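Asks: Just a sequence and a predicted model for now, questions to come.
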Amino acid sequence: MAAYAALLSLKYTIEQIQLHPRPPISFDQNQVDSLTDTLDFLQDFLEVYSYGSSISREAVDVLESRIKYAALAAEDLIETRVVDQIHGGEKISSSDFHQDLEKVIQDMGFIKEDVMEIKDNNIGIIEDHLYRNSSTHGGASSSSSPSTRQNAMVGFDELLIEVMDKLTERQSNLRIIPIVGMGGIGKTTLAINAYTNPLITEQFDIRAWVTISQTYNVREILVEILLCANKDESREILSGMSEGELGERVHKSLYGRRYLIVLDDIWSAEAWDKVNRFFPDNGQGSRIMITTRLSDVASIGSHGLVMDFLNEHKSWNLLCRSVFEEEEDCPPELEEIGKKIAKNCEGLPLSIVVIGGHLAKSKCTREHWEYISENIKKIVNSEDDEHCLKVLQLSYNHLPVHLKPCFLYMGVFPEDKKIRVSWLVKLWVSEGFVKPISAKSLEVVSREYLQELCDRNLILVHKRGSYRNIKFCKIHDLLRDLCLREAEREKFLYVRRPHELTIPQGINTQCRIGIHQSMSEKDYHPDPVLHTLQYVPLVRSLICNFEERLPLLDFRLLRVLKADDKRLLTDDNSRQYEYSVEVVFRLVNLRFIAIRSDWPKNSGFPSSVNLLWNLQTLIVNGTWGVDAPCEIWNMTQLKHVHFDRLELPDPPTGGKDDEFVLGNLQTLTDIRNFKCGEEVVKRIPNINKLQIFYFEEPQGFLSYCLDNLGHLHKLESLRFLLFSRNKPSVNDLLQNLILPNSLKKLTLMGTKLKWEDMKTKIGLLPNLQVLKLKGRSFVGTEWETVEGQFCNLRYLLISMCSDLEWWTTDSSHFPRLEHLHLLDLHKLKEIPSCIGEISTLQSIELIWCSDEAVSSAKEILKEQEDFGNVGLRLVEQG
């Protein structure tokens with residue numbers, strides 16, 4: 001919701017200015033108090049209120065549009081004032097700024113009055129979505145046979161068997177069986193196929209099917225159950241009863257009977273809480289099936305199923321069943337293009353069935369199927385009165401308002417793109433989408449937003465990190481298309497679509513723009529895009545994957561510039577992606593910068609970086625050795641800094657203890673020859689992630705103080721790489737190494753520590769969960785562990801520690817280990833057999849290890865299988 005995002009963003013901007021130790025502009029406090037009160041009121045209204053049928057969709061759009069543009073006008077005014085003050089080219093006086101801001105405050109006040117009138121007149125009951133699809137009215141519908149036609153259950157045969165087993169197993173207690181997955185994945189179809197199976201109809205005395213949907217009425221749910229339970233019941237008589245009377249009647253009807261109830265399409269745990277007390281657990285083997293898109297609802301039961309996307313083979317099988325009777329009926333000349341069509345549906349059954357229905361009614365020619373293959377989304381979203389889009393739209397409508405901007409923002413990323421979560425949460429924060437919660441950082445709240453969207457099956461987990469955090473996520477193409485439609489309707493963001501040579505009229509009012517060059521656009525001409533972008537004065541965010549350097553001179557209000565999302569080796573072709581840092585650093589409202597730089601190797605970057613008063617994330621790739629200026633210690637808003645080998649200067653001397661402190665800094669990566677002096681360490685007290693490189697120094701490392709790392713009490717992730725052939729120099733650096741107890745993840749490379757050092761420097765770290773020992777991090781032929789260490793270690797990687805021959809340990813020495821990964825250990829004689837006795841162990845992976853190590857791993861696997869442990873997985877390569 002663009003209006004809500006605009007309110008949050010304005011509040012965040014005002015707060016950042018007010019809390020800044022050197023604010024770029026000053027406010028009249030009375031104006032700020034008045035504006036903040038209005039913003040809080042409107043934000044509360046959008047969070048709590050929704051609109052019923054008494055107010056039209058058009059009226060809703062007008063009201064939200066007024067809120068959005070009033071908030072944007074205030075933010076434009078404030079941030080333009082910031083630019084003028086910093087650059088010294090003041091275009092309006094302080095009194096004019098005061099008057100202009102007063103006018104904006106008055107406009108917001110008028111909107112507040114109109115909203116108060118809406119509330120006073122009770123227009124709309126307050127719920128969590130703006131409008132309801134007509135199919136969700138009525139509260140509930142039921143049938144003892146929910147579909148007169150048996151829906152095709154193709155691709156989910158194993159799941160159907162699993163559901164049948166759960167329904168018919170011998171446990172006599174009442175069991176709840178949730179089926180969870182995204183909209184269109186086939187939950188209802190799976191439930192129907194189980195519900196109507198003859199074995200199930202014979203198994204249960206009473207069966208009832210109730211469709212709940214987003215809006216529900218407890219009385220109507222109970223009425224529908226009673227009508228299914230007893231054909232002699234009268235709807236007219238039941239409708240006259242109270243909820244308590246109906247509930248008692250349901251309980252009596254079910255008591256002593258074996259019953260199956262399906263609650264289809266349930267959207268909240270609250271709906272379950274209101275009806276579950278009427279379902280008796282009478283020891284008859286009764287079952288309740290629930291279908292839902294929400295993982296928190298699925299947690300109601302402990303015997304649920306998660307529905308995933310179909311693979312390519314099952315997708316093709318379902319498409320054939322939708323177009324023809326059997327796969328063998330497909331003409332041979334259409335098979336190749338047909339499989340491409342099935343693959344392009346990305347495993348979503350609803351999409352496959354819609355496309356199959358279209359193909360079944362159209363010409364079976366290769367030319368037509370080629371056209372279908374290139375236009376999947378267009379056809380899916382237009383067929384059957386946009387049925388597929390409406391199914392997915394329900395998930396968006398049901399989102400709490402604070403999640404809607406974050407979800408719509410997913411459309412700004414390229415199609416089929418895996419999205420790095422660490423970047424995504426930084427972007428949401430920089431955009432001002434995240435509502436502050438006391439005692440939590442905005443990044444933590446942002447990750448909670450992401451988890452909630454994943455739990456609602458709107459964002460997909462693509463890959464997890466070494467301690468099970470979400471590392472990469474994705475969004476299904478149809479959901480991305482929904483994001484773009486909604487974002488376009490609300491003028492929330494604009495994304496250039498493939499093969500568009502021009503940008504639509506009205507782009508000059510857009511705040512967020514995404515431009516991604518498709519790999520298939522061989523004859524793409526960037527000139528119209530680049531030319532038009534020069535006339536977008538109000539743009540605040542540019543998300544680009546583009547083979548041209550975008551013009552940045554006039555983007556005075558730009559706060560997000562993401563023009564690079566991967567590290568590339570320097571080559572001749574990379575020059576076109578590089579940006580002039582002098583130009584970028586003039587955009588003083590930037591909060592997020594991710595670019596490739598045109599800096600020469602081993603140079604400094606300009607002190608003008610200090611002008612970026614609210615910069616939070618600074619990611620610069622392609623630099624290969626840059627000296628930061630002393631002014632970086634004045635950038636108190638910095639949270640995340642990444643360079644390819646940045647040298648950090650000592651802080652200026654002579655300041656007060658609380659001066660030059662980067663209290664917000666959480667991430668500092670790829671820092672070269674970090675001296676770790678006391679003055680530096682005490683000025684980064686909240687650092688969470690640190691990556692440091694050490695290269696040979698002519699004067700050695702005697703002046704380095706790695707014992708000060710122990711004072712970084714918030715440090716959770718440390719990567720320590722050392723490149724030096726001088727053994728005395730290495731010893732000088734590492735002899736005083738002390739690691740903080742807060743560490744959860746540690747990566748070492750080139751440190752050449754002795755295995756005995758593990759007991760004193762690493763093994764006793766109480767919170768360590770991930771340990772990665774890479775090339776020559778440890779030297780010596782034998783590692784012997786002791787009890788009482790590695791108490792929380794989940795993931796262990798040993799890579800290219802080429803001396804290691806013997807590993808002596810016990811299962812009690814790694815009590816929580818889940819994953820063991822061994823790489824390039826050519827001399828290792830064996831993996832200790834006791835490793836298999838670790839109850840938490842899930843996988844052992846060996847890549848290019850000795851034959852003896854591989855054989856011992858196979859023995860461990862066989863032994864565990866003999867003991868009935870079938871959960872252990874072995875992966876070997878080389």
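Replies: Looks like it arrived, so ask away. Numbering: from 1, shown residues only.

Asks: Which secondary structure state is assigned to the residue nearest to Gly347 when sequence neighbours are not counted?
Replies: Nearest residue to Gly347, sequence neighbours excluded (CB to CB, 6 or more residues apart in numbering): Phe309, at 2.8 Å. In this view, the C-beta of every residue, glycine as well, is placed from N, C-alpha and C. For Phe309, the assignment made with DSSP: H, G, I helix; E, B strand; the rest coil gives coil.

Asks: close enough to count as contact, Phe309 and Cys345?
Replies: No - using CB atoms under 8 Å, Phe309 makes no contact with Cys345, being 9.3 Å away.

Asks: Between those two, which is the more surrounded one?
Replies: Taking other CB atoms under 10 Å, Phe309 and Cys345 do not tie; Cys345 has more neighbours (27 against 18).

Asks: quick one: the more buried one and Val353 touch, right?
Replies: No - counting by CB under 8 Å, Cys345 sits too far from Val353 to count as a contact (9.2 Å).

Asks: Is Val275 in a helix, a strand, or coil?
Replies: Reducing the assignment to helix, strand or coil with three-state DSSP, the entry for Val275 is helix.

Asks: For it, grab the count of nearby residues.
Replies: A count of neighbours around Val275, defined by other CB under 10 Å, yields 22.

Asks: How much space separates it from Leu260?
Replies: Here Val275 is placed at a distance of 15 Å from Leu260 (CB to CB, to the nearest Å).

Asks: circling back to that earlier point, ok now do the residue nearest to Gly347, which residues does it touch?
Replies: The contact partners of Phe309, taken as CB atoms under 8 Å, 6 or more residues apart in numbering, are Ile185, Glu346, Gly347, Leu348.

Asks: Ile844 sits in which helix or strand?
Replies: For Ile844, the enclosing helix or strand under DSSP states H and E is strand 843-847.

Asks: just for the stretch 551-700 of the chain, where's the confidence low?
Replies: Scanning the stretch 551-700 of the chain for pLDDT under 70 picks out 551-553, 565-577, 598-604, 623, 654-658, 698.

Asks: Quick one: the helices in it, in order.
Replies: If you assign secondary structure with DSSP state H, counting those that start in this stretch, the helices in the stretch 551-700 of the chain sit at 581-584, 678-681.

Asks: okay if I get those helices as a markdown table plus distance to Gln85?
Replies: What follows is these, written out as a markdown table (distance: least, CB to CB, whole Å):
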| stretch | distance to Gln85 |
| --- | --- |
| helix 581-584 | 19 |
| helix 678-681 | 31 |
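
Asks: Those helices: which one's closest to Glu830?
Replies: The closest approach between Glu830 and any of those, judged by CB to CB, belongs to helix 678-681 at 42.4 Å.

Asks: buried residues in the closest one?
Replies: For helix 678-681, burial by neighbour count (16 or more other CB atoms under 10 Å) applies to Val680, Val681.

Asks: tell me what that helix is packed against?
Replies: Counting by 3 or more CB pairs under 8 Å, 6 or more residues apart in numbering; DSSP states H and E, no packing neighbours are recorded for helix 678-681 among the helices and strands.

Asks: about what we covered before: going by distance to Ile266, which of the contacts of Phe309 wins?
Replies: Nearest member of the contacts of Phe309 to Ile266, counting by CB to CB, is Ile185, at 15.2 Å.

Asks: secondary structure class for that closest one?
Replies: With three-state DSSP as the criterion, Ile185 reads coil.

Asks: which ones are touching the residue nearest to it when sequence neighbours are not counted?
Replies: On the basis of CB to CB, 6+ apart, the spatially nearest residue to Ile185 that is not a chain neighbour turns out to be Met307, at 4.7 Å. Contacts were defined as CB under 8 Å, 6+ apart; by that measure Met307 touches Phe156, Leu159, Ile179, Val180, Gly181, Ile185, Gly186, Lys187, Leu190.

Asks: what sits against the closest residue to the fourth one other than its chain neighbours?
Replies: In this case it means Val180. Take Val180 and drop its neighbours on the chain: the residue closest to it by CB to CB, 6+ apart is Ala298, 3.9 Å away. For Ala298, the contacting residues are Pro178, Ile179, Val180, Ile290, Thr292, Gly304, Val306, by CB under 8 Å, 6+ apart.

Asks: ok, Ala298 to Met182 distance?
Replies: 12 Å.

Asks: do the same with Glu220
Replies: 27 Å.

Asks: Among those two, which residue is more densely surrounded?
Replies: In this comparison of Glu220 against Met182, neighbours counted by other CB under 10 Å, the higher total goes to Met182 at 24 against 20.

Asks: quick one, phi psi at the residue nearest to the more buried one when sequence neighbours are not counted?
Replies: Leaving aside its sequence neighbours, Met182 sits nearest to Asn457 (CB to CB, 6+ apart; 3.6 Å). Taking degrees, to the nearest 10, you get phi 60, psi 30 for the backbone angles of Asn457.

Asks: quick one, what contacts Asn457?
Replies: Listed by CB under 8 Å, 6+ apart, the contact set of Asn457 reads Val180, Gly181, Met182, Gly183, Ile185, Arg293, Leu294, Ser295, Ser395.

Asks: and the second one, how many neighbours?
Replies: It stands for Gly181. Neighbourhood size, Gly181 [other CB under 10 Å]: 22.

Asks: Touching, it and Arg293? I think so.
Replies: Yes - with contact defined as CB under 8 Å, Gly181 counts as touching Arg293 (7.0 Å).

Asks: who touches both of these two?
Replies: Here Gly181 and Arg293 have Lys187, Asn457 as joint contacts, going by CB under 8 Å, 6+ apart.

Asks: On the three-state scheme, the spatially most central residue of the chain is what?
Replies: Within the chain, the residue whose C-alpha comes closest to the C-alpha centroid is Leu450; the distance, by CA atoms, centre = their mean, is 4.1 Å. Judged by three-state DSSP, the three-state class of Leu450 is helix.

Asks: Before we move on, what's the pLDDT of Ser466?
Replies: In the prediction, the pLDDT value recorded for Ser466 is 79.

Asks: Which helix or strand in this structure has the lowest average pLDDT?
Replies: When each helix and strand of the chain is scored by mean pLDDT, DSSP states H and E, strand 141-143 comes last, with a mean of 50.

Asks: could you point out which element follows that one?
Replies: Tracing the chain C-terminally past strand 141-143 and defining elements by DSSP H and E, one meets helix 157-168 next.

Asks: Dump the C-alpha coordinates for that next one into PDB.
Replies: C-alpha atoms of helix 157-168 as PDB (Å, rounded to 0.1, in the frame of the first residue of the first chain):
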ATOM      1  CA  ASP A 157       0.000 -39.200  -6.000                       C
ATOM      2  CA  GLU A 158       2.500 -39.700  -3.200                       C
ATOM      3  CA  LEU A 159       0.900 -36.900  -1.200                       C
ATOM      4  CA  LEU A 160      -2.500 -38.300  -1.800                       C
ATOM      5  CA  ILE A 161      -1.400 -41.700  -0.400                       C
ATOM      6  CA  GLU A 162       0.200 -39.900   2.600                       C
ATOM      7  CA  VAL A 163      -3.100 -38.000   3.300                       C
ATOM      8  CA  MET A 164      -5.100 -41.300   3.000                       C
ATOM      9  CA  ASP A 165      -2.700 -42.900   5.500                       C
ATOM     10  CA  LYS A 166      -3.100 -40.100   8.000                       C
ATOM     11  CA  LEU A 167      -6.900 -40.300   7.700                       C
ATOM     12  CA  THR A 168      -7.100 -44.100   8.100                       C
END
